[in-house]
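Engineer: need a structure here:
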Amino acid sequence: MKIGIIGAGGMGGFLGVKLAEAGHEVFFVARGKHLEAMKEKGLTLREEERDTTVTSFIAAEDPSSFGEMDLIVFSVKLYDTMEGARLCLPMMGPDTIILTLQNGVESVDMISEVVGHNKTIAGSIYVSANIEGPGVIRHNGGAGMMMYAGPDGIDEKQYEKIAAVVQDSAMAGDRHPDMMVMLWEKFVLLAANAGLGAMTGMEAGAMCQDPDIRPLFEMALKEVEAVANAAGVSLQQGLVPMMMARIDALKGQNLLASQAYAKLHGNKLEVEWIQGTIHRLGQKYGVPTPVHSLCYVCLKPFANGAQ
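Structural biologist: Sure, this is the predicted structure:
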């Protein structure tokens, strides 16, 4: 397949290396020193068992010369969503599908405002990765799984492209029957880890091993679950205990949230679309969200990076 990747950060870089290694034509949209390093030395993925460097790709800041793609992997931060969606336009053809791997629960709607409806599928990827340095992606761990689902109206053939991405990236995963359930089930854990992780500078496993933080972490999970239910999204029973057990079982892995990493490095935060979403929807539906609301008001001053 001909695959465009908007954003060569943790997720985009991880998948880009895997897909290029599997023989796909990969086109990265990137910028700055990261782009320069990719063009000069290739893109390296550092994993516990090995380092992989690929050079068989094209990378540029402007994708206007790339041509039409079979698939676009969309992995920019939420605050860059609208700009990223506009960058997709020159790569869109009649059969192009976008796979968004962004955090939060509103990405498909946001992208669709720019590219049109029934052209975007949501993916929930359970991989921890970040840019270690220009041209280098560090894979920290995670479950190595991706679920995916789209809104009604997506051509069934498009899902075959996503299935190929999962297989060729050596991940587990499958199509989920309900996009919003899939997104909210990931958002329960993601939001708690992103909020409290950014506040403490700690990853999920360490927070859950701390007797003072653990109950707050569990409360944060329950707040998102309650907001989802109030919004009409019926999540599976026993989700919160299952997630706590999953974190405990991954002891030793680095489960630092991308927002926590951004906060530690003085970068912009996705707080408006993570804690902000829970805070606003909690108010809308009359659901108390004290942990997320506190994280929201404390992290808002850092939304645009270190002051």
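Engineer: and the strands in the protein?
Structural biologist: Along the chain, counting by DSSP state E, strands occupy 2-6, 25-29, 43-46, 51-54, 57-60, 71-74, 97-100, 120-133, 136-149.
Engineer: closest one to Val291 among these?
Structural biologist: Closest of the strands of the chain to Val291 is strand 120-133, at 22.0 Å (criterion: C-beta to C-beta). Placement of C-beta: from N, CA and C, glycine included.
Engineer: list the buried residues of the closest one.
Structural biologist: Within strand 120-133, the residues scored as buried using 16 or more other C-beta atoms under 10 Å are 120-132.
Engineer: of those residues, the lowest pLDDT goes to which?
Structural biologist: Among those, Ser128 carries the weakest pLDDT, at 83.
Engineer: what's near enough to touch that residue?
Structural biologist: Shown in contact with Ser128 (C-beta atoms under 8 Å, 6 or more residues apart in numbering): 10, 139-142, 253-256.
Engineer: these: which two are farthest apart?
Structural biologist: It's Gly10 and Gln253 that sit farthest apart of the contacts of Ser128, by C-beta to C-beta, at 14.8 Å.
Engineer: hang on, the earlier thing: can you tell me which of the strands of the chain is most buried?
Structural biologist: Ranked by mean neighbour count under mean count of other C-beta atoms under 10 Å, the strands of the chain are led by strand 71-74, which reaches a mean of 27.
Engineer: who does the helix or strand of the chain with the lowest mean pLDDT touch, helix- and strand-wise?
Structural biologist: Sorting the helices and strands of the chain by mean pLDDT, DSSP states H and E puts strand 136-149 at the bottom, at a mean of 89. If you count contacts as 3 or more C-beta pairs under 8 Å, 6 or more residues apart in numbering; DSSP states H and E, strand 136-149 packs onto helix 10-21, strand 43-46, strand 120-133, helix 156-168, helix 179-200.
Engineer: just send those back as a markdown table, with distance to Ile97 too.
Structural biologist: Formatted as a markdown table, the helices and strands packed on strand 136-149 follow (distance: least, C-beta to C-beta, whole Å):
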| stretch | distance to Ile97 |
| --- | --- |
| helix 10-21 | 15 |
| strand 43-46 | 23 |
| strand 120-133 | 6 |
| helix 156-168 | 4 |
| helix 179-200 | 14 |
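Engineer: starting at the chain centroid, how far to stretch 25-37?
Structural biologist: On the basis of C-alpha atoms, centre = their mean, to the nearest Å, stretch 25-37 sits 18 Å off its chain's mean C-alpha point.
Engineer: ok, now which ones touch the closest residue to Leu45 other than its chain neighbours?
Structural biologist: Nearest in space to Leu45, with sequence neighbours left out and distances taken as C-beta to C-beta, 6 or more residues apart in numbering, is Val17 at 4.0 Å. Val17 is in contact with 43-45, 52, 54, 137, counting by C-beta under 8 Å, 6+ apart.
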